[in-house]
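> I'll drop the sequence and a predicted model, then ask my questions.
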Amino acid sequence: MKKILLHTFLISIVSTTLFAQSDADAPLPEPLGNNLYAGIELTTTSMRPVVFQIDTLASGKVCFKRVSMALSPDGSIKFDKTRTPQQMIYYAKRIASYVDIFQSPMYQIKPERIYVLMSSTFFDPFNNDSYAIEELKEIIRQYNPDINISQFKKEEEADDCILGMTSDGVLSKVLEQVGKRPVINIIDVNNSNMKGGYLGKTGSPVTFNLEGGVFKIAKLAEKEITDNNWNLNNTSHRRAIAKFAASQFREKYLPNIKTNNSDDNVVVLAGGIVFTYSVWLKAQEIPSKSYHRLYAKESDSDEFLEAVIDNPDNQALFQQGPGGATVNNFFGERVFASAKRILSNVQILTGAAILNELVHELRDKRGTKTFIFNTDLWFSALYYHISEAAREQPRP
């Protein structure tokens, strides 16, 4: 039964290019399924499976089109400092279950086109211990001997993210949303790092990849709570915690977030707290669409922060948010339930303060008029990394 449900999640979202292509950019004809690839990214808090298509266009450009994905990253996966053999075996078996689906009659993806990629921060709990990385690879290969396993290099991860996100197949959806070809800025407010940037005039990425993310600032906030004897159920104390988190972000992160500040630039957002806010706002839309407009009103980010401050319990926060009223089927229920448990209450409070600070900076000082939450941004680095690796493999 679990495999049937997982299969349903994987095929539930279909992603296609939304703008008309010129003859020069028409995809080259290939046998059915010949250009399908699959990837699983391992992060500090989740496992992200995806099936996507790589089209080599007649012009020589590469176009990525997502075919299917899990409705949301599998937030039940957690690889922590204990690093027990049982934990690694559990990871390997979970990956094997996805590989079975990738190779099923629906997709028929060969093992050499299946990639497992660890994020650059995956082993942060034990300082990217090279022994741990090799140990996990070995156990994964015991269950999945023919698939590709590697880890993003920190210095390349943000570049791959920008290059994957700005490819024609992904970027076209942003253009469809805003009705013109804008300057695109990408900001991933990740739990373990913050990365992003934009495509420079020469076509090369201008990027940032900052160590630490929502979790790191939340840890600092927890120390402040202890030092000041603050009570997480006290509204004035929660407001003080939010102010502390915002100041940490403003002083240590914000100056290093690189954006192209052209008039009317678009910011594409991703990350656990962005997902959490998007579900709180419009839960039922998240499973059915890749792109979601956020912060249409200037007060939107303030309203979410105030709701988080007023609700120390995640269940109450989500039940009182507008997204809860939109849930009307099993897929919406799954996303809604997932968003409640991805972040602890301190982490949501920290993340909401960070988002509020970030949105005000972008809107008030950097010329941003449009904000979009994009689920492709979860996978954009993986898209590009796999496409580059695939160039080294002979075509069937």
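It's in.
> return the set of buried residues in stretch 237-249.
Neighbour-count burial for stretch 237-249 flags 237-242, 244-246, 248-249 (criterion: 16 or more other C-beta atoms under 10 Å). All C-beta spots, glycine's among them, are computed from the backbone N, C-alpha and C.
> again but with stretch 91-109, I slipped
91-92, 94-95, 98-99, 101-103, 107, 109.
> show me which of those has the smallest pLDDT value.
Of all the buried residues of stretch 91-109, Y91 carries the smallest pLDDT score, 78.
> quick one: it and L136 touch, right?
Yes: Y91 is within contact range of L136, at 6.9 Å (criterion: C-beta atoms under 8 Å).
> now do the helices in this protein.
2-11, 85-102, 130-143, 154-165, 168-178, 214-228, 235-252, 272-282, 300-310, 314-320, 330-342, 345-365, 380-391 (DSSP state H).
> now the angle from the third one to helix 85-102?
Pointing back at helix 130-143 there. Taking axes from the mean of the first three to the mean of the last three C-alpha atoms, to 10 degrees, one finds helix 130-143 and helix 85-102 inclined to each other by 50 degrees.
> packing partners of helix 130-143?
Judged by 3 or more C-beta pairs under 8 Å, 6 or more residues apart in numbering; DSSP states H and E, the packing partners of helix 130-143 are helix 85-102, strand 114-118, strand 148-151.
> repeat that for 10 Å
With contacts taken as 3 or more C-beta pairs under 10 Å, 6 or more residues apart in numbering; DSSP states H and E, helix 130-143 sits against strand 36-42, helix 85-102, strand 114-118, strand 148-151.
> and the spatially most distant residue from the centre of the chain, how far from G200?
Within the chain, N229 marks the point farthest from the mean C-alpha position, 34.4 Å out by C-alpha atoms, centre = their mean. Here N229 is placed at a distance of 48 Å from G200 (C-beta to C-beta, to the nearest Å).
> closest to S290 among the buried residues of stretch 237-249?
F249 (27.0 Å; C-beta to C-beta).
> got the angle for the longest strand along the chain vs helix 154-165?
In the chain, taking DSSP state E as the definition, the longest strand is strand 47-56. Using the same axes, to 10 degrees, the inter-axis angle of strand 47-56 relative to helix 154-165 is 60 degrees.
> give me the buried positions along strand 47-56.
Buried, per 16+ other C-beta under 10 Å, within strand 47-56: 47-56.
> out of those residues, which comes closest to L349?
The closest of those, once distances to L349 are taken by C-beta to C-beta, is R48, at 25.0 Å.
> report the beta-bridge partners for the closest one.
E41 (DSSP bridges).
> touching, D188 and V214? I think so.
No: counting by C-beta atoms under 10 Å, D188 does not reach V214; the two are 11.0 Å apart.
> show me which of those two is the more surrounded one.
V214 (29 against 26; other C-beta atoms under 10 Å).
> now for that one: which residues touch it?
For V214, the contact set (C-beta atoms under 10 Å, 6 or more residues apart in numbering) comprises 189-194, 245, 249, 271-273, 276, 343, 346-348, 350-355.
> now, of those, which are buried?
189-194, 245, 249, 271-273, 276, 343, 346-348, 350-355.
> gap between the residue nearest to T166 when sequence neighbours are not counted and L210?
In this structure, T166 finds its nearest non-sequential neighbour in L199, 4.9 Å apart by C-beta to C-beta, 6 or more residues apart in numbering. Distance of L199 to L210, computed by C-beta to C-beta: 19 Å.
> ok, now S119?
14 Å.
> what does E388 give?
From E388 over to L210 (counting by C-beta to C-beta), the distance is 24 Å.
> of those two, give the one with the bigger neighbour count.
L210 (17 against 14).
> touching, that one and K195? I think so.
Yes: contact criterion C-beta under 10 Å: L210 and K195 qualify, at 6.9 Å.
> hang on, the earlier thing: need the contact list for the residue farthest from the centre of the chain.
Going by C-beta under 10 Å, 6+ apart, N229 touches H237.
> mind pulling up the pLDDT for it?
In this model, N229 carries a pLDDT of 97.
> now Y131
pLDDT for Y131: 62.
> now do D25
With respect to pLDDT, D25 scores 38.
> next: the one 3 residues further on.
L28 is assigned 39 on the pLDDT scale.
> do the same with G169
pLDDT, G169: 63.
> repeat for G179
66.
> now swap in V67 and tell me
According to the prediction, V67 has pLDDT 79.
> mind checking how far it is from F52?
6 Å.
> what of G203?
22 Å.
> same question for S236.
Distance from S236 to F52, by C-beta to C-beta: 48 Å.
> equivalent analysis for A316, please.
From A316 to F52 the distance is 38 Å (C-beta to C-beta).
> do L269 as well
L269 is 21 Å from F52, where distance means C-beta to C-beta.
> try F102
Taking C-beta to C-beta, one finds F102 at 11 Å from F52.
> what residues are shared contacts of those two?
36-39.
> let's see if you can find the most crowded of the residues you listed.
If you count neighbours using other C-beta under 10 Å, the busiest of the shared contacts of F102 and F52 is A38, which has 27 neighbours.
> could you find the closest non-adjacent residue to it?
Distances taken as C-beta to C-beta, 6+ apart put F102 closest to A38, at 4.1 Å, once the chain neighbours are dropped.
> pretty sure that neighbour contacts V116?
No: using C-beta under 10 Å, F102 makes no contact with V116, being 11.1 Å away.
> who touches both of the two?
38-40, 49, 147.
> the residues you listed: which two are farthest apart?
P49 and I147 (12.3 Å).
> any common contacting residues for the two?
With C-beta under 10 Å, 6+ apart, P49 and I147 have common neighbours 38-40, 95, 99, 102, 116.
> who's in contact with S167?
54-55, 61-65, 376, 380, 383-384, 387.
> now L232
L232 sits in contact with 222, 225, 238, 241, 312-313, 345-346, 349, where contact means C-beta under 10 Å, 6+ apart.
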